[in-house]
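In: here's a sequence, model it:
(2 chains, ligands or ions: 2)
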Amino acid sequence: MLKVGQLHVYYGGIHALKGISFQVREREIVTLIGANGAGKTTTLKAISGLLKGANGSIRYMGKEISSVPAHSIVKQGLSQVPEGRRVFGDMTVAENLALGAYHRRDADAIQTDMEWVYELFPRLLERRQQMAGTLSGGEQQMLAIGRGLMSHPRLLLLDEPSMGLAPLLVKEIFEIVKQINATGVTILLVEQNAHMALSVADTAYVMETGRIVLSGPAKEVAANSEVRAAYLGG
Amino acid sequence: MVELTQEIIQQLVNGISLGSIYALIALGYTMVYGIIKLINFAHGDIYMIGAFTGFFAITILNLPFLPALFVAMVVAALLGVIIERLAYRPLRNSTRIAALITAIGVSFLIQNIALLAWKPDPRAFPDVFPFRSYQVWGIYLDNRQLVILGVALLLMVILHYVVHYTRIGRAMRAVALDDEAARLMGIDVDRVISITFAIGSALAAAAGVLVGIYYNRIDPMMGVMPGLKAFVAAVLGGIGVIPGAMLGGLVMGVAEVMVVAILESTWKDAVAFAILIIILLVKPAGLLGRQTREKV
Ligand SMILES: Nc1ncnc2c1ncn2[C@@H]1O[C@H](COP(=O)(O)OP(=O)(O)O)[C@@H](O)[C@H]1O
Ligand SMILES: [Mg+2]
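Out: Numbering: from 1, shown residues only, chains lettered A, B, ... in the order given. Ligands and ions are numbered 1, 2, ... in the order given. Below you'll find the model as predicted:
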């Protein structure tokens, strides 16, 4: 479904991605783990078309999308929930969700998706007229995911959804990720929380300073002794 | 006592008329700043072009007031979009100072083209409404003031509706808050920026035509002072905040009229700068502005 080949990204003089290649198969949960600064966010931004200086091939549903503008990529069913949630703080929960469906015209289907999002996150329903900026961190993460779902994605990119959340909430979020996947949405999950990510993923890639250093079925990666030492606390 | 009250109300009425014109211009500054963090110094000149377009629409095309106003707004909207496209978009990723200097350059360019094409001498704006004055409880109101207030109010109500209740308005607010996140929503940010310039420029053009009617004269340099004052009004209200521009414009108009009434008219233009200095010292974020977090 998504095939990234020899992707390079430079930020001025910094070589942030040094030719990474990986793929995401339809209906899978694929995780990209690695320490802070490894290049995970850069990878997702390049896929979503947010970076000008990206070099290499990004094929989505058989089509090259590396030069397609970000707003058109969303229309093709590839949606991203960015790092740090990035909800529109001065807008209501309902407006944020409506923005997720910005490019769609199918009012009935949008309504159905909205109901589904409120079902996944009942707290958003309670707070739908509240300003997004006044929500707690966990609620903002739910809103960010809900907003991403409102575009009706086939492939959802999630950038560190567990960041800054209490362990119980992290569990809840990962449960939701599994539920979303069960409805047929393919997921590319970026995480520093390797333990949780490996427990839900089918396939895993490990990144270190702009390179993919290890890949395989999530279970095998989790059993790898170097991964255990570096990311899973022994 | 009654006389003093009447005098104050009279000045308020005059100030609000003038202020609603400043408010219309200030909206363009604030909307553009809100979305790309650029002070569009050519905005006052777009207002001037609007006034001239209205003038020609009335004198050459023989259009009545409202169609002439509409033509002026459309022409200015196109001009705003073209300026953004040619002058500002190529500098989107360069320093703010580069864009600012470019804006000043565009302003000079428009002024000088207008000076060449239309000569520096003021022209008499045609009398679209034969002057008529009404007196209510000792307060004078004329039909031009009523037209200015009516048009300005109507345009602001429409703007409020568009910004808050339409798809494009939601997109404009989203881009202003976080343009990268807006891209991830499938919003074409370049298009939203174009539309913002179009709306801001159209409002300035409406102000230009209204000023032509109010003062009966227009000239190629007419955009300089009102442009600066409207900019101060936008800062006063909180730059980037739409209701702030409306409030700032009204305060500016009333302050100017009051100062002229109390002191003398030579102080007229000093008011704006006094207000600017005070606001920057006391509340730099503006009356309705929030202490903004800089975007990273
Ligand atoms: N906008 C930027 N400008 C310059 N360097 C950047 C920028 N964004 C990220 N980097 C650098 O690129 C590298 C990868 O960053 P990032 O993709 O954010 O890593 P991760 O998401 O894995 O923590 C880091 O060294 C980071 O400092
Ligand atoms: Mg990151």
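In: contacts and neighbour counts: CA atoms only from here.
Out: Noted.
In: count of neighbours near B:Leu4?
Out: Neighbours of B:Leu4 under the rule other C-alpha atoms under 10 Å in any protein chain shown: 9.
In: that one: which element?
Out: Secondary structure assigned from DSSP states H and E places B:Leu4 in helix B:2-36.
In: and B:Asn62, how many residues sit next to it?
Out: A total of 12 residues lie near B:Asn62 under the criterion other C-alpha under 10 Å.
In: confirm it sits in a strand?
Out: No - note on B:Asn62: no strand contains this position according to DSSP: H, G, I helix; E, B strand; the rest coil, which reports coil.
In: for the closest residue to A:Gln80 other than its chain neighbours, give me its contacts.
Out: Counting by C-alpha to C-alpha, 6 or more residues apart in numbering or on different chains, A:Gln80 lies nearest to A:Leu157, which is 4.5 Å off, once chain neighbours are set aside. Shown in contact with A:Leu157 (C-alpha atoms under 8 Å, 6 or more residues apart in numbering or on different chains): A:Leu44, A:Leu78, A:Ser79, A:Gln80, A:Val81, A:Pro82, A:Ile187, A:Leu188, A:Leu189, A:Val190.
In: among the residues you listed, who's most crowded?
Out: With neighbours taken as other C-alpha under 10 Å, the top of these is A:Ser79, carrying 31 neighbours.
In: wait, doesn't that one sit right on A:Met150?
Out: No - using C-alpha atoms under 8 Å, A:Ser79 is not in contact with A:Met150, being 9.3 Å away.
In: related to what we said a few turns ago, secondary structure and pLDDT added to the contacts of A:Leu157, as CSV?
Out: Compiled in CSV, the contacts of A:Leu157 are given as follows (DSSP: H, G, I helix; E, B strand; the rest coil; pLDDT from 0 to 100):
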residue, secondary structure, pLDDT
A:Leu44, helix, 98
A:Leu78, strand, 98
A:Ser79, strand, 98
A:Gln80, strand, 98
A:Val81, strand, 98
A:Pro82, coil, 98
A:Ile187, strand, 98
A:Leu188, strand, 98
A:Leu189, strand, 98
A:Val190, strand, 97
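In: any idea which of those is closest to B:Arg217?
Out: A:Pro82 (53.6 Å; C-alpha to C-alpha).
In: starting at the chain centroid, how far to the helix or strand where A:Arg147 lies?
Out: Counting by DSSP H and E, the element that carries A:Arg147 is helix A:137-149. Here the centre of mass of C-alpha atoms in helix A:137-149, compared against the chain's by C-alpha atoms, centre = their mean, to the nearest Å, lies 11 Å away.
In: pLDDT on the helix or strand that it is followed by, on average?
Out: On the C-terminal side of helix A:137-149, the nearest following helix or strand under DSSP H and E is strand A:155-159. The average pLDDT for strand A:155-159 rounds to 98.
In: partner strands of strand A:155-159, parallel or antiparallel?
Out: When pairing is defined by DSSP bridges, strand A:155-159 lines up against strand A:78-81 (parallel), strand A:186-191 (parallel).
In: turn these into JSON lines, including distance to B:Ala198.
Out: What follows is the strands paired with strand A:155-159, written out as JSON lines (distance: least, C-alpha to C-alpha, whole Å):
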{"stretch": "strand A:78-81", "distance to B:Ala198": "30"}
{"stretch": "strand A:186-191", "distance to B:Ala198": "39"}
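In: these: which one's closest to A:Gln6?
Out: Comparison of those against A:Gln6 by C-alpha to C-alpha identifies strand A:186-191 as nearest, at 18.0 Å.
In: if we can go back for a sec, and the helix holding B:Leu4, how far out from the chain middle?
Out: Mean-position distance between helix B:2-36 and its chain equals 10 Å (C-alpha atoms, centre = their mean).
In: what is the following helix or strand past that helix packed up against?
Out: Heading C-terminal from helix B:2-36, the first helix or strand you meet, by DSSP H and E, is helix B:43-59. Helices and strands in packing contact with helix B:43-59 are listed as helix B:2-36, helix B:65-83, helix B:96-118, helix B:189-215, strand B:217-218, helix B:224-237; criterion 3 or more C-alpha pairs under 8 Å, 6 or more residues apart in numbering or on different chains; DSSP states H and E.
In: including distance to B:Gly50 and mean pLDDT, could the ones you listed go into TSV?
Out: Formatted as TSV, the entries for the helices and strands packed on helix B:43-59 read as follows, by distance: least, C-alpha to C-alpha, whole Å; pLDDT from 0 to 100:
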stretch	distance to B:Gly50	mean pLDDT
helix B:2-36	11	93
helix B:65-83	5	97
helix B:96-118	12	95
helix B:189-215	4	97
strand B:217-218	10	94
helix B:224-237	13	95
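In: got these as a markdown table, with distance to chain A columns?
Out: Conversion of the helices and strands packed on helix B:43-59 to a markdown table gives the following (distance: least, C-alpha to the nearest C-alpha, whole Å):
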| stretch | distance to chain A |
| --- | --- |
| helix B:2-36 | 13 |
| helix B:65-83 | 20 |
| helix B:96-118 | 19 |
| helix B:189-215 | 8 |
| strand B:217-218 | 40 |
| helix B:224-237 | 18 |
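In: closest one to B:Ala261 among the strands paired with strand A:155-159?
Out: Comparison of the strands paired with strand A:155-159 against B:Ala261 by C-alpha to C-alpha identifies strand A:78-81 as nearest, at 57.6 Å.
In: identify the residues contacting the closest one?
Out: Taking C-alpha under 8 Å, 6+ apart as the rule, strand A:78-81 contacts A:44, A:48, A:73, A:144-145, A:147-149, A:151, A:153-159, B:184-185.
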